[in-house]
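S.K.: Dropping the sequence and predicted coords here.
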Amino acid sequence: MAISNDVYVNLEFTPNPNTLKYSVNRTLLEKGAVNITTQKEAEERSPLAAKLFAVSGICGVMIGKDFVTVTKAEDGDWDVVHKSSSSVIESHLRENGVVVIESTIQDAHKGGNTEVEQKIRDILDREIRPAVAMDGGDITFEKFENGIVYLFLQGSCSGCPSSTATLKGGIESRLKKEIPEVIEVVSV
């Protein structure tokens, strides 16, 4: 029985009206996500993102384990962005093109290595990041200072109308429940 090399790209809508998620039947990254917000950064870090940034109207690309999130600029046209994004992703993967240059992948989290920071990272990696990845986003730890957790929202989470509710109602309450030192969670 032959193994199929077909590439499947499935469109998924996200809570962010300016972002679409394309799930694929390939592993693009072993873990985490790569968020790219400029053409120059795309050219340095991801041949796939560079091709997507060449599409008129795209202002952001995030690559996850098995999906690509595309963010449309305010003046972008969804018809152009969607049709072009889907075909760019499909043809790039069919040609076995490099998705992300391995040497440019950075650790998802910043900050120090205190016990509290390790607990925050663990909850983010185990529970929160997989949940937001389902909507085409990612959340990474920036720092913990004076009881405040600073998080960086990426992909569909960045600029999403429901991100404040997710941040305060979901993430903040979860971290406060497990880590008494956490007073507040804010986005950077």
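M.R.: Right, received. Where do you want to start? Numbers count the residues shown, from 1 in each chain.
S.K.: Endpoint to endpoint, stretch 23-41 covers what distance?
M.R.: 23 Å (CA to CA, to the nearest Å).
S.K.: residue contacts, Lys31?
M.R.: For Lys31, the contacting residues are Lys65, by CB atoms under 8 Å, 6 or more residues apart in numbering. Quick note: C-beta positions are derived from backbone N, CA and C, even for glycine.
S.K.: Distance of it relative to Glu41?
M.R.: 20 Å (CB to CB, to the nearest Å).
S.K.: helix or strand for Tyr150, which one?
M.R.: Using DSSP states H and E, Tyr150 sits within strand 148-155.
S.K.: partners of that strand, with directions?
M.R.: Next to strand 148-155 in the sheet, as set by DSSP bridges, lie strand 137-145 (antiparallel), strand 184-187 (parallel).
S.K.: So the spatially closest residue to Lys176 that is not a sequence neighbour: helix, strand or coil?
M.R.: What sits nearest to Lys176 in space, not counting adjacent residues and going by CB to CB, 6 or more residues apart in numbering, is Val182, at 5.0 Å. Under DSSP: H, G, I helix; E, B strand; the rest coil, Val182 falls in the coil class.
S.K.: Provide the backbone phi and psi angles at Val182.
M.R.: Backbone torsions for Val182, taken as degrees, to the nearest 10, come to phi -80, psi 120.
S.K.: what's the neighbour count on it?
M.R.: Val182 sits with 22 neighbouring residues when counted by other CB atoms under 10 Å.
S.K.: got the buried residues for the lowest-mean-pLDDT helix or strand in the chain?
M.R.: Least confident helix or strand, the chain: helix 163-165 with a mean of 74, by mean pLDDT, DSSP states H and E. Across helix 163-165, burial judged by 16 or more other CB atoms under 10 Å covers Ser163.
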